[in-house]
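Sequence and predicted structure are below.
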Number of protein chains: 2
Amino acid sequence: MNLDFSKLDFTKLNGLVTAVIQDHATGRVLMVGFMNEEAFHKTVETGYATFFSRSRNKLWLKGESSGHKLVVKNISTDCDLDALLIQVEALGPGVCHEGYQSCFFRKLEGGEWTESEPRAYDPAAVYPGKPGSKS
Amino acid sequence: MNLDFSKLDFTKLNGLVTAVIQDHATGRVLMVGFMNEEAFHKTVETGYATFFSRSRNKLWLKGESSGHKLVVKNISTDCDLDALLIQVEALGPGVCHEGYQSCFFRKLEGGEWTESEPRAYDPAAVYPGKPGSKS
């Protein structure tokens, strides 16, 4: 596929664009990640969301080890062409490496961040021996 | 209100966190902006979404001139504490300064970005004499 990459603006975040991941069926926002051109290309070509990990400085196929991949259903970009909205079907019980359905599991209540839902799975069983791992 | 700012991580984007704006009733993602600590504080204190404009290098009360303010309904943060999900009631017909209900009005179809919906209002009538203005 001849993708018209030239239109996306990767300059504002040093080679990255923001990628908002939303459940295509429920509308729930599941996570926010970042993509460079290569990650975006992989996402479109493979149909699975692939990010650029700022902490590990490399491409990151979400679900590579956990199996919790994100199947792309729709991709939109915004007026400034520097953000993506990617609607997905999330494989597995939760997107968050801490065991929650969504990474946005803390709500602001009375000035404090409060966990607003139970875990959807046990991260220790999915990421054995990899504390803090995200895949 | 004694906000526990210390928990948010503003270090990864040079003093900013990503803020995803979602319609609280429909679930539609309306825009992505950035907030520094002051913008986040203003957002919580006033109940209207306030961003930090990277292009203008100053705080930006969304809707300041257009009246298309974003009334905050819920605020969540993610596992890494470096992104916000803000559910809002959007005042006015559209959030996007180009006249669309959402800034995400372009879908990827056949490798090209295609406008996927009509404008919700005429931006020239809302932002007279201010081409490219965003407020």
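The structure has been received and is ready for your questions. Numbering: from 1, shown residues only, chains lettered A, B, ... in the order given.

Okay, helices next: where are they in chain A?
Shown for chain A, the helices assigned by DSSP state H span residues A:37-46, A:123-126.

would TSV of the ones you listed with mean pLDDT and mean neighbour count be doable?
Just so you know, the C-beta spots here come from the backbone N, C-alpha and C atoms, and that holds for glycine as well. Below are the helices of chain A laid out as TSV (pLDDT from 0 to 100; neighbours: other Cβ atoms under 10 Å in any protein chain shown):
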stretch	mean pLDDT	mean neighbour count
helix A:37-46	96	18
helix A:123-126	90	14
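
Run a quick neighbour tally on the residue of chain A at minimum distance from chain B.
With Cβ to the nearest Cβ, the shortest gap between chain A and chain B falls at residue A:27, namely 2.9 Å. Counted by other Cβ atoms under 10 Å in any protein chain shown, the residues lying close to residue A:27 total 14.

Tell me which stretches of chain A form strands.
A:17-23, A:29-35, A:50-53, A:58-61, A:70-77, A:83-90, A:106-109, A:112-115 (DSSP state E).

could I get the helices of chain A as a markdown table with distance to residue A:105?
A markdown table is the format used below for the helices of chain A (distance: least, Cβ to Cβ, whole Å):
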| stretch | distance to residue A:105 |
| --- | --- |
| helix A:37-46 | 24 |
| helix A:123-126 | 12 |
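
Of those, which is nearest residue B:107?
helix A:37-46 (12.4 Å; Cβ to Cβ).

what's the closest one in contact with?
For helix A:37-46, the surrounding residues in contact (Cβ atoms under 8 Å, 6 or more residues apart in numbering or on different chains) are A:1, A:3, A:5, A:8, A:10, A:15, A:17, A:35, A:48-52, A:59-61, A:72, A:75, A:84, A:86, B:108, B:111.

among those residues, which ones are buried?
By neighbour count, with 16 or more other Cβ atoms under 10 Å in any protein chain shown, the contacts of helix A:37-46 hold A:3, A:8, A:10, A:17, A:35, A:48-52, A:60-61, A:72, A:75, A:84, A:86, B:108 as buried.

pLDDT at the residue lying farthest from the centre of chain A, what is it?
Residue distances from the centre of chain A (Cα atoms, centre = their mean) peak at residue A:110, which lies 28.4 Å from the mean C-alpha position. For residue A:110, the pLDDT comes out at 86.

next one: the one 3 residues further on
Note for residue A:113: predicted pLDDT of 92.

Pull the number of nearby residues for the closest residue to it other than its chain neighbours.
With sequence-adjacent residues excluded and distances taken as Cβ to Cβ, 6 or more residues apart in numbering or on different chains, residue A:113 is closest to residue A:106, at 4.3 Å. Neighbour count for residue A:106, taken as other Cβ under 10 Å: 21.

For residue A:114, give me its contacts.
Per Cβ under 8 Å, 6+ apart, neighbours of residue A:114: A:106-108.

6 Å instead, please
Contacts for residue A:114 (Cβ atoms under 6 Å, 6 or more residues apart in numbering or on different chains) come out as residue A:107.

So in terms of bridging, what pairs with it?
residue A:107 (DSSP bridges).

Distance-wise, check residue A:28 relative to residue A:46.
From residue A:28 across to residue A:46, the span is 23 Å (Cβ to Cβ, to the nearest Å).

repeat for residue A:114
With Cβ to Cβ as the criterion, residue A:114 and residue A:46 are 37 Å apart.

Disregarding flanking residues, what is the spatial nearest neighbour of residue A:27?
Using Cβ to Cβ, 6+ apart and skipping residues adjacent in sequence, the residue nearest residue A:27 is residue B:27, 2.9 Å away.

Let me know the pLDDT of that neighbour.
With respect to pLDDT, residue B:27 scores 98.

Now do the phi/psi pair for it.
phi 80, psi 0 (degrees, to the nearest 10).

That one contacts residue A:25, doesn't it?
No - contact criterion Cβ atoms under 6 Å: residue B:27 and residue A:25 do not qualify, at 10.5 Å.

Of the helices of chain A, give the one that comes closest to residue B:68.
Residue B:68 lies closest to helix A:37-46 among the helices of chain A, at 29.7 Å (Cβ to Cβ).
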